[in-house]
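Undergrad: next comes the sequence, and after it the predicted model I'd like to discuss.
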Protein chains: 2
Amino acid sequence: MHTEPTVSACGADEDGPAAELCAPRRGRPRSEAAEQAIFAAVEDLMESGKSLSELSVERIAAAAGVGKATIYRRWPNKEALLVEVVARLESPLPEPSGGTVREELVRMVDYMRKRGLAKRSRWMLKSALSQMNAWPELREAYQEQVVKPRRELARAIVRRGVDEGVLRSDLDVELVCEIIIGPILLRSVLWDEAPLDDPDLAEQMVDAVLNGVGAQPSGGRSR
Amino acid sequence: MHTEPTVSACGADEDGPAAELCAPRRGRPRSEAAEQAIFAAVEDLMESGKSLSELSVERIAAAAGVGKATIYRRWPNKEALLVEVVARLESPLPEPSGGTVREELVRMVDYMRKRGLAKRSRWMLKSALSQMNAWPELREAYQEQVVKPRRELARAIVRRGVDEGVLRSDLDVELVCEIIIGPILLRSVLWDEAPLDDPDLAEQMVDAVLNGVGAQPSGGRSR
DNA sequence: AGTTTGCGATACGGGTCCGTCTCGTATCGA
DNA sequence: TCGATACGAGACGGACCCGTATCGCAAACT
């Protein structure tokens, strides 16, 4: 007899932690505090430098002061949990503030500089590179949630710069994006010991890239 | 009774695979073929996309057609083996060929482009970032063996460029290096789907960075 | 009340891994 | 020939892990 008496019209068994809309759930409701503790524990473990393969469910449960079953009641497996953690991570993208293109570029680069200073983001940035290689689902979540919007933001600014005649129009837009954000990503992601403290770094980088690092005052600009 | 009768004056028990100089070793000598098979197996596993945590000694031994003891006879643990693999990996750095600074920069960037196309290097580049984070010994070996000489090469070229008046002298040398190699590293390391096939890519990148991506023909060059 | 579900804790089976050890065999120096 | 060492294969203990199941108890609904 599986006639779905009054509730349970929610969706198989995968309601996830964002399903408090669909059914009042007959018994004791799930603890919101436990959920937050789990997320906080994962982020703490990230900040403490644990690598992706060191994030075991048992360790997370212990760090959160939570039973393993409480985790498996919410997510079907470890991957699903981490995918959701990634999806939650750092959404606030800087929205455009109608300044000049140069100002927008500086703002974007400076946002990435500050992000590189935060350990949580740094962990994600770095883990995104190797371990996720072997973990397509997590990698896709990260690409979709984090990388894609940022690349689109960069592309939009660059396109606007080309339209306004501030950026060269004879170059591939992708190439220009890479030239602008490559240096800051290099510092914030690839090189550990590189300093990110200078608040003028973003400005210096953008100006250097805009003006070029070549010395000849009127050299090959015509191409 | 540990009087070291005739041999064994080699150094505790850690002779490593580069110790055939010190003592003729009384019994059967170690198999050079086994050693090569082990290295080859690790590199094959890398190329096949295995992540760092998937490189277990048992898997390596199986792939090499070798007993586990043969590995542990040479290296005290898994880390030591991988450290040596890293140290062996991709030494051939392009030596300077007295061209112009621009040509040297293009050569260096193009070298990195080609390196990004090779799966083995790519694996190392990517694994160097997250897993090595939690594995200081391996990370240091990679920094010392691979990263450091390349950064020094870049610095040397840039300094020469500044001396010859081809590169701006009002910028930090480190910053110029990052601006030049940031874009190609971004493509070859961070972004998987980005194309690296175009043989003119390096030239485009270097020229764009030298001339600047800003459009104003004589704008802020004076700073 | 009674029911239903969630909670933390913990035990469990099945798996992988590390590093050591033991086989029987092969290959070297003395 | 003989002792010493290497070899491939694999067993072993201990550790960790995953995902499930079972406790006794708590918190909601009917």
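TA: Sure thing, it's come through.
Undergrad: next SSE downstream of the worst-scoring helix or strand of chain A on mean pLDDT?
TA: Sorted by mean pLDDT, DSSP states H and E, the helices and strands of chain A end with helix A:119-127, the least confident at a mean of 75. Using DSSP states H and E, the helix or strand that follows helix A:119-127 in sequence is helix A:136-142.
Undergrad: can you list the helices and strands that that next one packs against?
TA: helix A:78-88 (3 or more Cβ pairs under 8 Å, 6 or more residues apart in numbering or on different chains; DSSP states H and E). All C-beta atoms are positioned from the backbone trio N, CA, C, and that covers glycine.
Undergrad: and the residue positioned nearest the centre of chain A, how close does it get to DNA strand C?
TA: Centroid-nearest residue in chain A, with Cα atoms, centre = their mean: A:Val146, separated by 3.6 Å. To DNA strand C, A:Val146 is 28 Å away according to Cβ to the nearest atom of the strand, to the nearest Å.
Undergrad: which residues sit in contact with that residue?
TA: A:Val86, A:Leu89, A:Glu90, A:Met124, A:Ala128 (Cβ atoms under 8 Å, 6 or more residues apart in numbering or on different chains).
Undergrad: got it, and A:Ile38?
TA: For A:Ile38, the contact set (Cβ under 8 Å, 6+ apart) comprises A:Ile60, A:Ala61, A:Ala64, A:Val66, A:Thr70, A:Ile71, A:Arg74, A:Leu81.
Undergrad: in helices only, show me the residues you listed.
TA: A:Ile60, A:Ala61, A:Ala64, A:Thr70, A:Ile71, A:Arg74, A:Leu81 (DSSP state H).
Undergrad: what is the burial count for the spatially closest residue to the last one that is not a sequence neighbour?
TA: Counting by Cβ to Cβ, 6 or more residues apart in numbering or on different chains, A:Trp75 is the residue found nearest to A:Leu81 once chain neighbours are left out, at 4.3 Å. Using other Cβ atoms under 10 Å in any protein chain shown as the criterion, A:Trp75 is surrounded by 19 other residues.
Undergrad: pLDDT at A:Trp75, what is it?
TA: pLDDT recorded at A:Trp75 is 97.
Undergrad: that one contacts A:Lys68, correct?
TA: No. Look at A:Trp75 against A:Lys68 with Cβ atoms under 8 Å: they stay out of range, at 11.3 Å.
Undergrad: how close does A:Val66 get to B:Leu81?
TA: A:Val66 sits 38 Å away from B:Leu81, going by Cβ to Cβ, to the nearest Å.
Undergrad: between these two, which one's more packed in?
TA: The residue with more neighbours, out of A:Val66 and B:Leu81, is B:Leu81; 21 against 18, by other Cβ under 10 Å.
Undergrad: wait, doesn't that one sit right on B:Arg73?
TA: No. B:Leu81 is beyond contact range of B:Arg73, at 11.4 Å (criterion: Cβ under 8 Å).
Undergrad: what residue in chain A comes nearest to DNA strand C?
TA: A:Gly27 (2.0 Å; Cβ to the nearest atom of the strand).
Undergrad: and that residue, which of the three is it?
TA: At A:Gly27 the chain is in coil, as set by DSSP: H, G, I helix; E, B strand; the rest coil.
Undergrad: measure it to DNA strand D for me?
TA: In terms of Cβ to the nearest atom of the strand, A:Gly27 sits 5 Å off from DNA strand D.
Undergrad: so what's the residue count around that residue?
TA: Neighbours of A:Gly27 using other Cβ under 10 Å come to 5.
Undergrad: phi and psi next, for it.
TA: When read as degrees, to the nearest 10, the backbone of A:Gly27 gives phi -80, psi -150.
Undergrad: any idea how far A:Val189 is from B:Leu125?
TA: With Cβ to Cβ as the criterion, A:Val189 and B:Leu125 are 12 Å apart.
Undergrad: ok, now A:Arg168?
TA: Separation of A:Arg168 from B:Leu125 (Cβ to Cβ): 30 Å.
Undergrad: cool, A:Tyr111 as well?
TA: A:Tyr111 is 25 Å from B:Leu125, by Cβ to Cβ.
Undergrad: more crowded one of these two?
TA: The neighbour comparison of A:Tyr111 against B:Leu125 (other Cβ under 10 Å) goes to B:Leu125, with 24 against 17.
Undergrad: and the closest residue to A:Gly214 other than its chain neighbours, how many neighbours?
TA: In space, and not counting its chain neighbours, A:Gly214 is closest to B:Leu210: 3.6 Å by Cβ to Cβ, 6+ apart. Residues near B:Leu210, counting by other Cβ under 10 Å, number 24.
Undergrad: name the element B:Leu210 belongs to?
TA: helix B:201-211.
Undergrad: got the angle for that helix vs helix A:201-211?
TA: 100 degrees (axes from the mean of the first three to the mean of the last three Cα atoms, to 10 degrees).
Undergrad: so what secondary structure elements neighbour helix B:201-211?
TA: Secondary elements touching helix B:201-211 (3+ Cβ pairs under 8 Å, 6+ apart): helix A:173-185, helix B:101-117, helix B:173-185.
Undergrad: before we move on, the earlier item: of the ones in helices among the contacts of A:Ile38, which are in range of DNA strand D?
TA: Checked against DNA strand D using Cβ under 7 Å from any atom of the strand, those give no members in range.
Undergrad: DNA strand D contacts on chain A?
TA: Chain A has residues A:6, A:24, A:26-29, A:54-59, A:67-69, A:72, A:76-78 near DNA strand D, with proximity defined as Cβ under 7 Å from any atom of the strand.
Undergrad: now restrict the residues you listed to buried residues only.
TA: Buried by 16 or more other Cβ atoms under 10 Å in any protein chain shown: A:Leu55, A:Val57, out of the residues of chain A next to DNA strand D.
Undergrad: interface residues of chain A facing DNA strand C?
TA: So chain A meets DNA strand C at A:7-8, A:25-31, A:34-35, A:37, A:61, A:65-70, A:73-74 (Cβ under 7 Å from any atom of the strand).
Undergrad: all set now, cheers.
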